[in-house]
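Engineer: Sequence and predicted structure are below.
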Amino acid sequence: SYDFLIRPATDADASSIAAIHRETFPRSGLSALGQRALTDYYRWQMQTTPELDSAAAEHSGRVVGYCLAGGSFGSLADFLRSHGSIVARETLRHPAVLIDARLLRIFPYLTRRIRKQFRPARDKIRSAQLGAHSYGIQAIAVAAEAQRRGVARALMAWAEAEGLRRGIRYMYLAVDTANQPAISFYEYLGWQRVKKGDYWNGHMKKDLLAGPQKPIEAASSR
C-alpha cells in the first residue's frame, strides 16, 4: 500500500510544491520562471493571500502533492512587482527564457496599462460565470510517483471539507480544456462544467450539499 498523510502546508514546503508544479506543468508560464522564483511565488501566495487554505500530501517524509484552496490567488503582476529582482536574476542566469513561449503567456501581467485594459473585462466575465463570492481550488498537483494512489482524491476531499468548514456551498475550479484525464477525474468526483450555451472555458462547479447534477449553465451558476 502507499501510505501518506494530508497535513497543513507551510512556507517550508514551498520548494517541494514548486518542484511538483514544474514536473506536472512543464509548459506553464510559471514553470518558465525557474525553481527559485516559483518557490518564492508559492511562499508569497501562502503568506499574503487572505483566507487561503493550504495542504500537503506527505509520503515517507517527502511532499508528493499539494492543494491550495480559497477565494482567489494573489495577482501574478503583484508578485512580479514585489519580486522583480528575483525574476530578473533568473532571467539573466537563463537568458533563453526571454524567447520561451511559456514565458510569453505571462508578459501581459507585466504592465499596468495592460492590466487596466484587460482585468476589468476578465473579472466581469468570471463573476458572471462563477458568482461574485466564490471559493475554490486555486492549485493542485501530485508528483508522478504518487499518481493513481489516491493522493489527488484525498486532497480534493480535504479542500471540500475546508469549504464546508467555512460555510461554503458551491466550490469552483478551472482546468485546461485539453486535459481530459483531469476533467474526467473531477467529473467522477461530482464536479460539473459551467457552460454558457455550448461554450466551455474550463470552469467547473460543485454543490457540496447536493448529489449528482446536470451540466450547469452560466445563467444559473450563482
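Structural biologist: Nice, thanks for sending it over. Numbers count the residues shown, from 1 in each chain.
Engineer: alpha carbons only for contacts and neighbour counts from here, please
Structural biologist: Noted.
Engineer: got any ranges where this structure has weak pLDDT?
Structural biologist: 75-77, 82-133, 211-222 (pLDDT under 70).
Engineer: Please, where are all the helices along it?
Structural biologist: Shown for the chain, the helices assigned by DSSP state H span residues 14-24, 29-32, 35-48, 76-82, 84-93, 101-104, 112-130, 151-165, 180-188.
Engineer: between the last one and helix 151-165, how many degrees?
Structural biologist: Our comparison of helix 180-188 with helix 151-165, counting by axes from the mean of the first three to the mean of the last three C-alpha atoms, to 10 degrees, yields an angle of 40 degrees.
Engineer: Now helix 180-188 - C-alpha only, CSV.
Structural biologist: The C-alpha coordinates for helix 180-188 follow below in CSV (Å, rounded to 0.1, in the frame of the first residue of the first chain):
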residue,chain,number,x,y,z
GLN,A,180,-9.2,15.1,-20.4
PRO,A,181,-7.8,12.9,-17.7
ALA,A,182,-8.2,15.7,-15.1
ILE,A,183,-11.6,16.6,-16.4
SER,A,184,-12.8,13.0,-16.1
PHE,A,185,-11.3,12.9,-12.6
TYR,A,186,-13.2,16.0,-11.5
GLU,A,187,-16.4,14.8,-13.1
TYR,A,188,-16.0,11.4,-11.3
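Engineer: helices or strands next to it in the packing?
Structural biologist: Of the remaining helices and strands, none touches helix 180-188 by 3 or more C-alpha pairs under 8 Å, 6 or more residues apart in numbering; DSSP states H and E.
Engineer: Could I get the buried residue list for that helix?
Structural biologist: Within helix 180-188, the residues that count as buried by 16 or more other C-alpha atoms under 10 Å are Ile183, Tyr186, Glu187.
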